[in-house]
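In: could you work out the structure for the sequence below:
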Amino acid sequence: MEMLEIKDLHVSANGKEILRGINLKIEQGKVTALMGPNGSGKSTLSNVIMGNPKYEITKGQILFNGSDIQNLKPNERAHLGIFMSFQYPQEIPGVRLSNFLRTVLNSYRDKNDKLSVVDFHNILNEKLKLLKMDKGFAAKWFSGFSGGEKKRAEVLQMAMLNPKLAILDETDSGLDIDALKAVAYGVNSIMTKDKAILIITHYKRILDYIKPDQLYVMHDGKIVKSGTGDLVDKLEQEGYSWIANENEN
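Out: Numbers count the residues shown, from 1 in each chain. Next comes the predicted model:
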């Protein structure tokens, strides 16, 4: 069953076409990986799915659970259950991570159904235990984090929000091997049969820890290849030059 379906998607920014006819299906209960060289349009696609107003859809559809979400604002898409982890996560100085998480979680709830401090911390401690994170991590000020801590904070946020579709935009960028393993463990821990994950990456290494069921490769604003593990291995061995050469011939 398709959770997200993209049909003939064309997208422009500042008068320049970036995505040139994307067709993509992300199935419930599966992990989908999207790979490609710099400038191929991967991050643009993730931003368009999330509703970034910087980009203009000139043609095509984005269907989430069968409904067109093209005209929905980013917060409305988030409330439907779409979550995006950014390549460069933002911090909020002067706010503790736990307070940030409680505010975000309550923003998804009706005004008469806000979580009490006790109920929130019960949920938080449950998720920290699931992700094998120290309780003190959530008590930190939400600023001055290392790259790995920023990514772990986003994984914790994802676990708290419990989205239907999680988009991980180059979550592995800048992580050492220990941080990468910790992030991958967190992602795998929250994956269930009723969810879907889209991993956007340049490299194979995160896919050694989060195994994709389906792989797509982008080049020059189009999806030019699809496959599974064998395709990942070929990209690792030959790089993206063969993709470029094949599509120029």
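In: nearest residue to the middle of this protein?
Out: Per CA atoms, centre = their mean, the C-alpha nearest to the average position across the chain is that of Ile167, at 1.8 Å.
In: contacting residues for that one?
Out: 46, 49-50, 82-85, 197-198, 200 (CB atoms under 8 Å, 6 or more residues apart in numbering). To be clear about C-beta, it is placed using only N, CA and C from the backbone, and glycine gets the same treatment.
In: that one: helix or strand, and which one exactly?
Out: strand 165-169 (DSSP states H and E).
In: quick revisit: just put the contacts of Ile167 in a markdown table and tack on pLDDT.
Out: Below are these laid out as a markdown table (pLDDT from 0 to 100):
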| residue | pLDDT |
| --- | --- |
| Ser46 | 94 |
| Ile49 | 96 |
| Met50 | 95 |
| Ile82 | 96 |
| Phe83 | 94 |
| Met84 | 91 |
| Ser85 | 86 |
| Ile197 | 95 |
| Leu198 | 95 |
| Ile200 | 91 |
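In: and the residue lying closest to Asp68 once chain neighbours are set aside, what element?
Out: Sequence neighbours aside, Gln61 is the residue nearest to Asp68 in space, at 5.6 Å (criterion: CB to CB, 6 or more residues apart in numbering). Secondary-structure assignment from DSSP H and E places Gln61 in strand 56-64.
In: show me what that strand is packed up against.
Out: strand 2-13, strand 16-27, helix 42-50 (3 or more CB pairs under 8 Å, 6 or more residues apart in numbering; DSSP states H and E).
In: angle of it against helix 42-50?
Out: Going by axes from the mean of the first three to the mean of the last three CA atoms, to 10 degrees, strand 56-64 is angled at 70 degrees with respect to helix 42-50.
In: mind listing what's buried in strand 56-64?
Out: 60, 62-64 (16 or more other CB atoms under 10 Å).
In: can you pull out the strands in this structure?
Out: Ranges of strands within the chain are 2-13, 16-27, 31-35, 56-64, 67-68, 82-85, 165-169, 196-201, 214-219, 222-227, based on DSSP state E.
In: how far does the shortest one sit from the chain's center?
Out: It refers to strand 67-68. 20 Å (CA atoms, centre = their mean, to the nearest Å).
In: report the strands that pair with it, each with its relative direction.
Out: Partners of strand 67-68 in the sheet, by DSSP bridges, are strand 56-64 (antiparallel).
In: ok, residues contacting the partner strand?
Out: 2-13, 17, 21-22, 48-49, 68-70, 77, 80, 82, 165.
In: put the alpha carbons of that strand into CSV.
Out: Once non-C-alpha atoms are left out, strand 56-64 reads as follows in CSV (Å, rounded to 0.1, in the frame of the first residue of the first chain):
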residue,chain,number,x,y,z
GLU,A,56,6.8,26.2,-7.0
ILE,A,57,5.1,23.0,-8.2
THR,A,58,4.4,23.6,-11.9
LYS,A,59,3.1,20.2,-12.7
GLY,A,60,2.2,16.9,-11.0
GLN,A,61,0.8,15.7,-7.7
ILE,A,62,1.9,14.7,-4.3
LEU,A,63,-0.6,12.2,-2.7
PHE,A,64,-0.4,11.2,1.0
